[in-house]
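Asker: model this:
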Amino acid sequence: MENLSRRKLLSLGAALGLVGVANSAPAWASTGSVTADAAAGTDPQWIWDDMADPLMASMIDNGHVPAINTAWASWVNNNDPLPSGLPAEFAAYLGQVNRLPSWADQTKLTRAADFNRRRDTYLFMLYGLGSGIMSTVIPREAKSVYWSAGGANMQDRAAKTFTFGYYLSQLGAFEPTGQFVVTANKTRVVHAAVRHLLPQSPHWRAVADQTVPISAADILVTFHSLGTYVHRKLLEWKIPFPAADQEAFLHSWQVAVHLLGVPDEYIPQTWAEADKQSAQVLTPILTPTTEGIELAEDLLGLTAQIDLGVTRGFLNEFVRYVLSDEVGDWLGLKRDYAAAALVRTAWPAYILFREGLSPVMPATFYMMDQFVRALAMLFLNKGTSGTSTPITIPTANRPD
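Answerer: Residues are numbered from 1 along each chain as shown. Take a look at the predicted model:
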């Protein structure tokens, strides 16, 4: 029998006219998922997290979150014992989910980690200025981020998001001494907290087209704005990308999406299936919003706090280069045609030299290299020393 909370949510959505048939089939065949024999089920836009959502509602309503945030600050490595000081119910939940799925392939995950290490320069750029800015033209994501607590401090919000990608890209990320499994489970809990809090915000309700945010479909959209987008751009840039590396990179994302609570039947099995799913759920929904435009400006404005070695015009044009002029126009990014010409010549030359495809170091190589390093520092730890920004559970929405 379906979980009661989900039944209520589906009924409410149908009553509000937000869906024709709440139990409609997904927009893609589950035969293309990591569990290829799964039967088609509920459309993932009507699936949230039956394990984490009621738990976090209870933790928030009963005032346990500050103690949890304090207790789990020292819980970092995948094989760390659960910290003391957690409510029993919360500790029991973490004990259930803090593990890899049975289908995880450690050989592929190890290869993915090595690939991430070798390609970290491109990943920093694409995750930061590509995926990060793309998120601001994903309406549901932009509105959820803006009206949640994180929207009031985008530097901290960006750093926490980058922490997720940083630990995913680490050597040994999924091994016992790695840190990604813990990071993913902390992120899953934060999503559950936001699902409980945001519907209480009159500001979010006034602009949202859903009754509860961050559905399984929304998480898949985010996956495509990250993993699928990066895969496509690396191929477009002609970065050497052997088939085994591509498969390993996908597998790391498949495991990551599973750890975030998305049912396996909706996780694409191949890049071909991922591209097909992305074309259905991501590409058609990209559009500007008032919230997204402000978030994009906040993110790009963070560069004023650290010397990236480039002008704001260069930054605007790099965003246009990795996304599109259409997205740049949506976000009101002012044109700098001199910087545009520089980006379109300097970045390909930078790639050719880095990949050993050109023996001549371009005059702009040092500038581009410093730009990448400074950008990574900016998002990862707010421009200061250290490794990452701790993930904490919110207890409220964006202040009015």
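
Asker: Test for you: state the pLDDT assigned to the most centrally placed residue in the chain.
Answerer: Taking Cα atoms, centre = their mean as the criterion, T222 is the residue nearest the geometric centre of the chain, at 5.3 Å. Looking at T222, its pLDDT is 96.

Asker: what helix or strand is the residue lying closest to I239 once chain neighbours are set aside on?
Answerer: The shortest distance from I239 to any non-neighbouring residue, by Cβ to Cβ, 6 or more residues apart in numbering, is to Y122 (6.3 Å). C-beta here means a position set from N, CA and C on the backbone, and glycine is covered the same way. Using DSSP states H and E, the element containing Y122 is helix 120-125.

Asker: Flag every buried residue along that helix.
Answerer: In terms of neighbour count (16 or more other Cβ atoms under 10 Å), helix 120-125 has its buried residues at T121, Y122, L123, F124, M125.

Asker: With stretch 345-365 instead?
Answerer: So stretch 345-365, judged by 16+ other Cβ under 10 Å, has buried residues A346, W347, A349, Y350, I351, F353, R354, P362, T364.

Asker: Let's see which of those residues end up in helices.
Answerer: With helices taken from DSSP state H, the overlap with those comprises A346, W347, A349, Y350, I351, F353, R354.

Asker: nearest to L302, of these?
Answerer: Taking Cβ to Cβ as the measure, W347 is the one of those closest to L302, at 21.0 Å.

Asker: Does the residue nearest to the centre of the chain touch E141 like I think?
Answerer: Yes: because the distance of 6.5 Å satisfies Cβ atoms under 8 Å, T222 is recorded as touching E141.

Asker: and F115, how far is that from A173?
Answerer: 12 Å (Cβ to Cβ, to the nearest Å).

Asker: between these two, who's got more neighbours?
Answerer: Neighbours per residue (other Cβ atoms under 10 Å) separate F115 from A173, with A173 holding more: 25 against 21.

Asker: doesn't the more buried one fall inside a strand?
Answerer: No: per DSSP: H, G, I helix; E, B strand; the rest coil, A173 lies outside any strand segment and is coil.

Asker: how about the nearest residue to it, chain neighbours excluded?
Answerer: Nearest one to A173, counting by Cβ to Cβ, 6+ apart, is F180 at 3.9 Å.

Asker: how deep is the one you found tucked in, by neighbour count?
Answerer: Close neighbours of F180, defined as other Cβ under 10 Å, add up to 25.

Asker: From what I see, it and Y166 are in contact.
Answerer: No: taking contacts as Cβ under 8 Å, F180 lies outside contact range of Y166: 9.2 Å.

Asker: What pLDDT does the model give E294?
Answerer: 95.

Asker: if you average pLDDT over stretch 146-158, what comes out?
Answerer: 83.

Asker: ranges for the helices of the stretch 301-400 of the chain?
Answerer: Using DSSP state H, counting those that start in this stretch, the helices of the stretch 301-400 of the chain run over residues 312-322, 325-330, 337-354, 365-381.

Asker: Compare those and give me the one nearest S252.
Answerer: Of all those, helix 365-381 sits nearest to S252, with 18.7 Å by Cβ to Cβ.

Asker: could you check the angle helix 337-354 makes with that closest one?
Answerer: With axes from the mean of the first three to the mean of the last three Cα atoms, to 10 degrees defining the directions, helix 365-381 sits at 90 degrees from helix 337-354.

Asker: so what does helix 365-381 touch, helix or strand wise?
Answerer: Where contact means 3 or more Cβ pairs under 8 Å, 6 or more residues apart in numbering; DSSP states H and E, helix 365-381 is packed against helix 120-125, helix 154-169, helix 337-354.

Asker: helix or strand right after the helix or strand bottoming out on mean pLDDT in the chain?
Answerer: The weakest-scoring helix or strand in the chain, judged by mean pLDDT, DSSP states H and E, is helix 4-15 (a mean of 37). Once the chain leaves helix 4-15, the next helix or strand it forms, by DSSP H and E, is helix 52-61.

Asker: From the rest of the structure, what touches that following helix?
Answerer: 5, 64-65, 68, 87, 89-90, 93, 97, 188-189, 191-193, 195-197, 261, 393, 395 (Cβ atoms under 8 Å, 6 or more residues apart in numbering).

Asker: hmm, which of the residues you listed are the buried ones?
Answerer: The neighbour count (16+ other Cβ under 10 Å) marks 64-65, 68, 87, 90, 93, 188-189, 191-193, 195-197, 261, 393 as buried among those.

Asker: Show only the entries of the residues you listed found in helices.
Answerer: V65, I68, F90, Y93, R188, V189, H191, A192, A193, R195, H196, L197.

Asker: Pick the one among the residues you listed closest to V281.
Answerer: Scanning these for proximity to V281, where the rule is Cβ to Cβ, the winner is H191, at 17.5 Å.

Asker: Can you tell me the SS state at the closest residue to the closest one other than its chain neighbours?
Answerer: Nearest non-adjacent residue to H191, counting by Cβ to Cβ, 6+ apart: I214, 4.9 Å away. Classification of I214 by three-state DSSP places it in coil.

Asker: What count of nearby residues applies to I214?
Answerer: As a measure of burial, I214 has 25 neighbours, counting by other Cβ under 10 Å.

Asker: First-to-last residue distance for stretch 372-390?
Answerer: End-to-end distance of stretch 372-390: 23 Å, with Cα to Cα, to the nearest Å as the criterion.

Asker: actually stretch 249-269, not the one I wrote
Answerer: With Cα to Cα as the measure, stretch 249-269 spans 12 Å from end to end.
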